[in-house]
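Undergrad: Okay, here's the prediction I keep looking at, along with the sequence it came from:
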Amino acid sequence: MEAMIANTSTKTMRLSLQERNCQKTFRSCLLTTIRFYASFFSRMVIKAAPSWEIRQASNGEAALFLADMEDANYDLIFVDMYMASVEAQMLGTETVEALRAKGVMCRICGLSANDKEKEFMEAGADSFTFKPLPCETRALTRELCRILYQDTP
């Protein structure tokens, strides 16, 4: 099943049912200490999926705190592998393990500019993607759909 929508250049593109599902309201959390990337990431995702709600945490400990909050019903959590800080911080994989140990069942996607897919999957992540995410809206929508709907190996 497909839907027709017009993009800003008045060309028409077809969205698959899966891509339309990505337009639904989702609650996601981005875990990274790089403030510029967090802002850039949030703007890109909102452009591709305007109904998404995004919260940000600057380190693994903050993510664990957010996971304990009453309204922490996330559909997807993005976790950066390396969170640069002057203080010792949890690695992204350690954060994934801790989230799973707390009983967090939502999808978790590991993020890194390096190939850390194996490490994230072994830690309990559902998917992995390279940074930076695609800037073009259609490519980003496809990537978000892949992250949300791919089966865990």
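TA: Looks like it came in fine.

Undergrad: residue ranges for the helices of this protein, please.
TA: 17-21, 35-48, 60-68, 92-101, 117-123, 137-149 (DSSP state H).

Undergrad: which intervals of this protein have sub-threshold pLDDT?
TA: Low-confidence segments of the chain (pLDDT under 70): 1-37, 70-71, 84-88, 152-153.

Undergrad: From Ile77, how far out is Phe40?
TA: 18 Å (Cβ to Cβ, to the nearest Å). C-beta coordinates here come from the backbone N, C-alpha and C atoms, glycine included.

Undergrad: quick one: the residue lying closest to Ala98 once chain neighbours are set aside from Arg55, how far?
TA: Counting by Cβ to Cβ, 6 or more residues apart in numbering, Ala98 lies nearest to Leu64, which is 5.8 Å off, once chain neighbours are set aside. As judged by Cβ to Cβ, Leu64 and Arg55 stand 13 Å apart.

Undergrad: Ok, Glu117 next?
TA: Distance from Glu117 to Arg55, by Cβ to Cβ: 24 Å.

Undergrad: who has more neighbours, these two?
TA: Arg55 (18 against 15; other Cβ atoms under 10 Å).

Undergrad: what are the bridge partners for that one, then?
TA: Per DSSP bridges, the residues bridged to Arg55 are Cys29.

Undergrad: cool, Phe130 as well?
TA: Assessed by DSSP bridges, Phe130 has beta-bridge partners Ser112.
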